[in-house]
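1. Need coordinates for the following:
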Amino acid sequence: MDRLDTVRLAAFPGIGSDASALPERMDIVFIENFVGQTVIGIDSSEQHVPQPIRVNLAIGVPAIRACTTDRIEDTVNYAAVRGALLALFASHRVRLLEALAERIAQLLIADFGAHWVRVSLAKPAKFDDVAAVGVQIERRRSELPAEGAGLVSYASLGKGLVPK
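-> Numbers count the residues shown, from 1 in each chain. Take a look at the predicted model:
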C-alpha cells in the first residue's frame, strides 16, 4: 500500500486523539504527484539550483457543497492550490522539507478552508540508489495558532474556499 492509498482509506474519526475537533462528515480534495521545482536543502549543492519536489496533498473539508451545486466556488479549487504551490515554491526561504510542508499545510488551512490536511513532500532525485526521500505531515485547523498569533500569511493566486 503506497502513501496515496493511505490517504484514500483515511478514517477521519481515527485521526489523532481529538477526533471531536473535526466535522462529522469530511470530504477530501486531493492532488497526486504534482512535481514542482524549488531550491531547498541543507547541502551546498542544493542551495542554488532548483530541484524537483513531488507533492501529494489530501485536503479535508466539511461536506463539499459542490457535490450538489456543481459550482467551483463551492469547493477547493485545485487549480488555485496548484498556483499557490508554484508561487510558494518560487518565494519560500526554508531549507528543510519539513518546514516547507508546514508552510503548505498552513496555506491550505488559512487560504483554502481546509479543516485537515496531509502534506507529503519528496525529493525524487536526492540519491541514485533511493526512489525518493521525504516527509509527510498532518495538520488540523484547531492545531494552528489563532489568526494574528504567529500564523504565517501567504499571498495566493486565488482563493478556493468552501463557503461558510
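2. what's the burial count for residue 139?
-> Each residue near residue 139 was counted by other CB atoms under 10 Å, and the total is 20. C-beta: built from backbone N, CA, C; applies to glycine.
3. Report the buried residues of the longest helix belonging to the chain.
-> Under DSSP state H, the helix in the chain containing the largest number of residues is helix 97-112. Neighbour-count burial for helix 97-112, with 16 or more other CB atoms under 10 Å as criterion, is recorded at 97, 100-112.
4. I'd like these laid out as JSON lines, including pLDDT and distance to residue 45.
-> Supplementary listing: these in JSON lines, determined by pLDDT from 0 to 100; distance: CB to CB, whole Å:
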{"residue": "97", "pLDDT": "96", "distance to residue 45": "16"}
{"residue": "100", "pLDDT": "98", "distance to residue 45": "18"}
{"residue": "101", "pLDDT": "98", "distance to residue 45": "22"}
{"residue": "102", "pLDDT": "98", "distance to residue 45": "24"}
{"residue": "103", "pLDDT": "98", "distance to residue 45": "23"}
{"residue": "104", "pLDDT": "98", "distance to residue 45": "24"}
{"residue": "105", "pLDDT": "98", "distance to residue 45": "27"}
{"residue": "106", "pLDDT": "97", "distance to residue 45": "28"}
{"residue": "107", "pLDDT": "97", "distance to residue 45": "28"}
{"residue": "108", "pLDDT": "97", "distance to residue 45": "30"}
{"residue": "109", "pLDDT": "97", "distance to residue 45": "33"}
{"residue": "110", "pLDDT": "96", "distance to residue 45": "33"}
{"residue": "111", "pLDDT": "96", "distance to residue 45": "33"}
{"residue": "112", "pLDDT": "95", "distance to residue 45": "34"}
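5. Mind putting those residues into JSON lines with distance to residue 142?
-> Formatted as JSON lines, the buried residues of helix 97-112 follow (distance: CB to CB, whole Å):
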{"residue": "97", "distance to residue 142": "24"}
{"residue": "100", "distance to residue 142": "22"}
{"residue": "101", "distance to residue 142": "18"}
{"residue": "102", "distance to residue 142": "16"}
{"residue": "103", "distance to residue 142": "19"}
{"residue": "104", "distance to residue 142": "18"}
{"residue": "105", "distance to residue 142": "13"}
{"residue": "106", "distance to residue 142": "13"}
{"residue": "107", "distance to residue 142": "17"}
{"residue": "108", "distance to residue 142": "14"}
{"residue": "109", "distance to residue 142": "10"}
{"residue": "110", "distance to residue 142": "13"}
{"residue": "111", "distance to residue 142": "17"}
{"residue": "112", "distance to residue 142": "16"}
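6. so which of those residues would you say is closest to residue 139?
-> Nearest to residue 139 among the buried residues of helix 97-112, counting by CB to CB, is residue 105 at 4.1 Å.
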